[in-house]
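sequence unknown, structure follows:
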Ligand code: ARG
């Protein structure tokens with residue numbers, strides 16, 4: 001029953017707004033032991049859109065423009081890539097809509113890889129999510145939080161890296177504390193966080209429109225001058241852009257909770273992704289009304305500079321709403337991460353103690369702390385851009401595998417009903433692009449992070465056979481389990497399934 005387990009674990013995905021629900025669900029499950037329990041279908045079209053938009057808009061639009069412009073070399077190509085990333089996210093999400101309506105259980109990649117290729121690839125996904133994907137997401141978002149929090153207090157010339165890292169680590173500690181301590185703390189503030197995000201985007205866009213009306217269009221020329229010719233640069237430019245769009249597959253993690261999924265999943269996708277793409281393009285236009293491409297390249301907190309120059313006395317609105325928004329995203333992402341790891345370890349995929357929960361607060365404390373430790377290591381050793389590359393490289397291996405799963409199942413399971421079916425060319429295109437995104441940077445611009453990612457995957461495969469398949473256990477683990485149990489006051493749980 002792996003799928004069912006992964007489900008609720010993911011309902012906190014992305015944004016804290018769902019985080020709270022997941023936590024309540026955990027509490028509910030425990031209190032109704034023995035009852036038959038179903039996840040209610042509570043996510044309608046509107047919440048579906050909010051779930052996608054709220055996750056996609058996070059830190060990326062405030063930090064990626066710099067990385068993208070550095071890598072493409074020209075504003076022309078960077079606009080092309082911003083738009084292409086939107087188109088890719090839309091096509092990818094539509095392919096996921098077929099997968100999600102075909103396999104009605106939640107858990108996205110985990111469920112589809114299980115269907116198409118069996119338990120080993122599905123295990124590998126949960127392993128990599130726990131060790132790389134989720135921690136690097138939290139690390140990137142916290143570093144962006146820190147960048148903007150620090151930038152708000154220093155002048156335009158930039159801030160020291162060490163200070164940014166210290167602030168990022170502090171934010172991780174606070175978020176860890178919140179997630180370990182209180183089940184409901186996150187829910188109350190979530191709407192405010194999402195609102196803050198949208199305020200920031202709308203203020204920037206409005207500022208940009210105002211400047212265009214004033215005739216500030218001098219940076220919109222020589223569109224393709226200095227465009228890069230390196231394929232690896234183009235691929236890593238896509239990484240920067242695709243980070244901002246990440247979260248397009250978010251609805252598939254909670255399929256079981258969506259009302260009328262075969263209608264609402266595709267509809268929510270058709271509304272959300274073009275909306276986000278539009279916002280991103282307009283924000284980029286707005287930045288260029290105020291800053292020259294050279295200035296954007298030199299400035300890692302573009303939105304702050306935008307605020308200072310375009311908004312005058314209310315410039316503080318920008319860093320404030322970005323810090324609130326990133327803090328919220330990080331909080332929600334860490335929550336989801338904790339739940340994913342909690343479920344995977346309850347399935348026997350990771351150390352069992354990671355599935356224990358606090359006896360009074362009912363929070364999955366060991367797994368949250370485990371994630372925070374990996375996240376802090378990532379923050380200490382990486383920069384925003386290197387972590388984005390590390391994340392995207394790894395994530396696109398799995399997004400590509402999900403496309404392959406769709407293609408394979410067209411042949412191996414032709415008769416399974418598919419309430420929503422995409423033209424086969426769509427998953428094929430995304431599969432080919434994901435191959436390019438994974439292979440081109442390795443050949444053209446190899447980075448040590450890619451090797452780490454591959455090594456983690458190989459380690460996962462080696463780990464799988466003795467420890468998961470055959471269930472071998474070291475004695476010392478038991479002793480550690482007891483120590484952690486006493487130290488954190490945590491106990492094992494049992495999930496009651498319908
Ligand atoms: N696109 C988001 C951003 O720009 C990151 C989303 C992280 N992904 C997730 N599933 N929580 O910050």
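Received it, and whenever you're ready, just let me know what you need. This structure is a prediction, so every number in the text was calculated from the model and none was measured.

Could you tell me what pLDDT the model assigned to residue 128?
pLDDT recorded at residue 128 is 91.

scratch that, residue 231
82.

and it, how many neighbours?
15 (other Cβ atoms under 10 Å). C-betas here are computed from N, CA, C, even on glycine.

separation between it and residue 453?
20 Å (Cβ to Cβ, to the nearest Å).

Quick check: residue 126 touching residue 349?
Yes: in terms of Cβ atoms under 8 Å, residue 126 counts as a neighbour of residue 349; the distance is 5.4 Å.

show me where the stretch 201-350 of the chain has strands.
Counting by DSSP state E, counting those that start in this stretch, the stretch 201-350 of the chain forms no strands at all.

tell me which parts of it are close to the ligand?
Counting by Cβ under 6 Å from any ligand atom, the residues of the stretch 201-350 of the chain close to the ligand are 243-244, 246-247, 250, 329, 333.

Among those residues, name the ones in helices.
The members of those that map onto helices under DSSP state H are 243-244, 329, 333.

In ChimeraX, select just the buried ones from those residues.
In ChimeraX, this line selects whichever of these come out buried by 16 or more other Cβ atoms under 10 Å:
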select :243,244,329,333
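
nearest residue to residue 161 other than its sequence neighbours?
Nearest non-adjacent residue to residue 161, counting by Cβ to Cβ, 6 or more residues apart in numbering: residue 383, 7.8 Å away.

how much space between the one you found and the ligand?
From residue 383 across to the ligand, the span is 16 Å (Cβ to the nearest ligand atom, to the nearest Å).

do residue 479 as well
Distance of residue 479 to the ligand, computed by Cβ to the nearest ligand atom: 35 Å.

Under the pLDDT cut-off, which ranges of the stretch 201-350 of the chain? List them.
344 (pLDDT under 70).

ok, 80 please
Within the stretch 201-350 of the chain, the segments meeting pLDDT under 80 span 219, 221-223, 253-257, 300, 332, 335-350.

So which bits of the stretch 51-200 of the chain are right by the ligand?
Applying Cβ under 6 Å from any ligand atom, we find that the stretch 51-200 of the chain lies next to the ligand at 55-56, 58-60, 137, 141.

now, among these, which is nearest to residue 370?
residue 137 (15.2 Å; Cβ to Cβ).

ok, that closest one - contacts?
By Cβ atoms under 8 Å, 6 or more residues apart in numbering, the contact set of residue 137 is 246, 333, 337, 391.

Same check on residue 372?
Contacts for residue 372 (Cβ under 8 Å, 6+ apart) come out as 172-173, 175-176, 334.

Among those residues, name the buried ones.
Neighbour-count burial (16+ other Cβ under 10 Å) applied to these gives 172, 175-176, 334.

Identify, from those, the entry nearest to the ligand.
When the buried ones among the contacts of residue 372 are ranked by distance to the ligand (Cβ to the nearest ligand atom), residue 334 comes first, at 9.7 Å.

gap between the closest one and residue 64?
Noted for residue 334: a distance of 21 Å to residue 64, by Cβ to Cβ.

Show me the shaky parts of the stretch 351-498 of the chain.
Scanning the stretch 351-498 of the chain for pLDDT under 80 picks out the ranges 351-355, 357, 359-363, 445, 465-478, 485, 491-498.

Am I right that residue 378 is in contact with residue 134?
No: if you go by Cβ under 8 Å, residue 378 and residue 134 don't touch, sitting 10.6 Å apart.

tell me the contacts of the nearest residue to residue 360 once chain neighbours are set aside?
Once flanking residues are discounted, residue 360 sits nearest to residue 489: 7.3 Å by Cβ to Cβ, 6+ apart. Residues in contact with residue 489 (Cβ under 8 Å, 6+ apart) are 358-360.

Where neighbours are concerned, which of these has the most?
Highest neighbour count within the contacts of residue 489: residue 358, with 18 neighbours (other Cβ under 10 Å).

ok, back up a step: can you name the two of the ones in helices among the residues of the stretch 201-350 of the chain next to the ligand that are farthest apart?
Within these, 244 and 333 form the most distant pair, 14.6 Å apart (Cβ to Cβ).

could you measure residue 139 against residue 293, distance?
Using Cβ to Cβ, one gets 28 Å for the distance from residue 139 to residue 293.

Comparing those two, which shows the higher neighbour count?
Set side by side, residue 139 and residue 293 show more neighbours around residue 139, with 29 against 21, by other Cβ under 10 Å.

give the contact list for the more buried one.
The contact partners of residue 139, by Cβ under 8 Å, 6+ apart, come to 168, 172, 375, 378-379, 382, 387.

With adjacent residues omitted, what lies nearest to it?
Spatial nearest neighbour of residue 139, chain neighbours left out: residue 378 (4.0 Å); criterion: Cβ to Cβ, 6+ apart.

Residue 237 now?
Per Cβ to Cβ, 6+ apart, closest to residue 237 is residue 71, 3.8 Å.

Now that neighbour: which helix or strand?
Assessed by DSSP states H and E, residue 71 sits inside helix 60-72.

Show me what that helix is packed up against.
Counting by 3 or more Cβ pairs under 8 Å, 6 or more residues apart in numbering; DSSP states H and E, the packing neighbours recorded for helix 60-72 are helix 75-102, helix 134-151, helix 231-245, helix 261-290, helix 293-298, helix 302-311, helix 384-412.

among these, which is nearest residue 477?
When the helices and strands packed on helix 60-72 are compared by Cβ to Cβ, helix 134-151 sits nearest residue 477, at 21.7 Å.

How much space separates residue 234 from the ligand?
Taken as Cβ to the nearest ligand atom, the span from residue 234 to the ligand is 20 Å.

Residue ranges in the stretch 51-200 of the chain under the pLDDT threshold?
Where the stretch 51-200 of the chain drops to pLDDT under 80, the residues are 51, 105-107, 151-159, 181-196.

Try it again at 50.
Along the stretch 51-200 of the chain, segments meeting pLDDT under 50 are nowhere present.

coming back round to it: which of the residues of the stretch 51-200 of the chain next to the ligand ranks first by neighbour count?
Tallying neighbours with other Cβ under 10 Å puts residue 141 at the head of these, with 31 neighbours.

so who does it touch?
Contacts for residue 141 (Cβ under 8 Å, 6+ apart) come out as 58-59, 326, 329-330, 333.

Count the residues that sit near the closest residue to residue 268 other than its chain neighbours.
Nearest non-adjacent residue to residue 268, counting by Cβ to Cβ, 6+ apart: residue 48, 3.5 Å away. Neighbourhood size, residue 48 [other Cβ under 10 Å]: 24.

on that earlier part again, between the ones in helices among the residues of the stretch 201-350 of the chain next to the ligand, which sits nearest residue 305?
residue 244 (18.2 Å).

The ligand versus the nearest residue to residue 114 once chain neighbours are set aside, what's the distance?
Distances taken as Cβ to Cβ, 6+ apart put residue 122 closest to residue 114, at 4.0 Å, once the chain neighbours are dropped. Here residue 122 is placed at a distance of 18 Å from the ligand (Cβ to the nearest ligand atom).

Need the contact partners of the helix or strand harbouring residue 122.
Using DSSP H and E, residue 122 falls within helix 119-128. In this structure, residues lying in contact with helix 119-128 by Cβ under 8 Å, 6+ apart are 2, 6, 109-111, 113-114, 340, 343-344, 347, 349-350, 394, 398, 401, 453, 456-457, 460-461, 463-464, 468.

Next: stretch 442-455.
The set of residues external to stretch 442-455 that reach it, using Cβ under 8 Å, 6+ apart, is 128, 132, 230-233, 235-236, 382, 386, 389-390, 393-394, 397, 441.

out of the residues you listed, which is most surrounded?
Neighbour-wise, the contacts of stretch 442-455 (other Cβ under 10 Å) top out at residue 236, 27 neighbours.
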